[in-house]
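Structure of the sequence below:
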Amino acid sequence: MRSTTCKGSNGQYLAEYHSQAAASLAAGETEMNYGHKLTPYECRACGYWHLGVVKTKLQCMQCTDSGLFLKDLYPSRAEAQSTADHLRKQRKIQLYPYKCPHTNGWHLTKRVPGKGRQ
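Numbering: from 1, shown residues only. I've put the predicted structure just below:
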C-alpha cells in the first residue's frame with residue numbers, strides 16, 4: 001500500500017507496511033528480484049514501516065574522479081551496472097562499469113568502453 005503522507009527523495013509516495021515483518025519480507029523480495037538491498041525502518045511521521053536503501057558504499061583509496069574525489073567501489077560488475085542503470089533512469093547520466101586496476105572491485109566511468117582517451 002502507498003503512503004498518503006510520506007514521500008521519498010524522488011517526490012513519490014513511499015510504500016508502507018503495517019509491521020516490521022511485512023516490510024522485511026518486501027525487502028527480501030526486492031533484493032531477490034532486483035538485486036537492491038533495502039532495510040525496513042519505522043517512520044516517526046506516520047508510524048508505519050517503510051524501506052530505505054542500505055548504505056554499503058565503499059570507496060577506493062587509490063582511484064579518484066576528475067574532481068579528485070575518491071571513486072565509489074562496487075564489489076561486482078553486476079552491482080556497478082545496476083547503479084549505472086539506476087543513474088541513467090533517474091538522472092539521465094550514461095555510465096559504464098570497468099574493473100578497478102588496484103583492487104578486486106569495479107568503478108563507473110562516463111567513457112564509452114573501447115574508445116579510450118581522446
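
contacting residues for the residue nearest to the spatial centre of the chain?
Per CA atoms, centre = their mean, the C-alpha nearest to the average position across the chain is that of residue 83, at 5.5 Å. Going by CB atoms under 8 Å, 6 or more residues apart in numbering, residue 83 touches 72, 74, 95, 108. Every residue, glycine included, has its C-beta placed from N, CA and C.

Among those, which are located in strands?
Mapping those onto strands (DSSP state E) picks out 72, 108.

Put together JSON lines for the contacts of residue 83, with neighbour count and pLDDT on each row.
Listed next are the contacts of residue 83 as JSON lines, based on neighbours: other CB atoms under 10 Å; pLDDT from 0 to 100:
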{"residue": "72", "neighbour count": "17", "pLDDT": "93"}
{"residue": "74", "neighbour count": "23", "pLDDT": "94"}
{"residue": "95", "neighbour count": "19", "pLDDT": "95"}
{"residue": "108", "neighbour count": "18", "pLDDT": "95"}
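
now, which of the contacts of residue 83 sits nearest residue 11?
Closest approach to residue 11 among the contacts of residue 83 (CB to CB): residue 95, at 23.1 Å.

Quick check on the closest one: phi, psi?
Dihedral pair for residue 95: phi -130, psi 160, per degrees, to the nearest 10.
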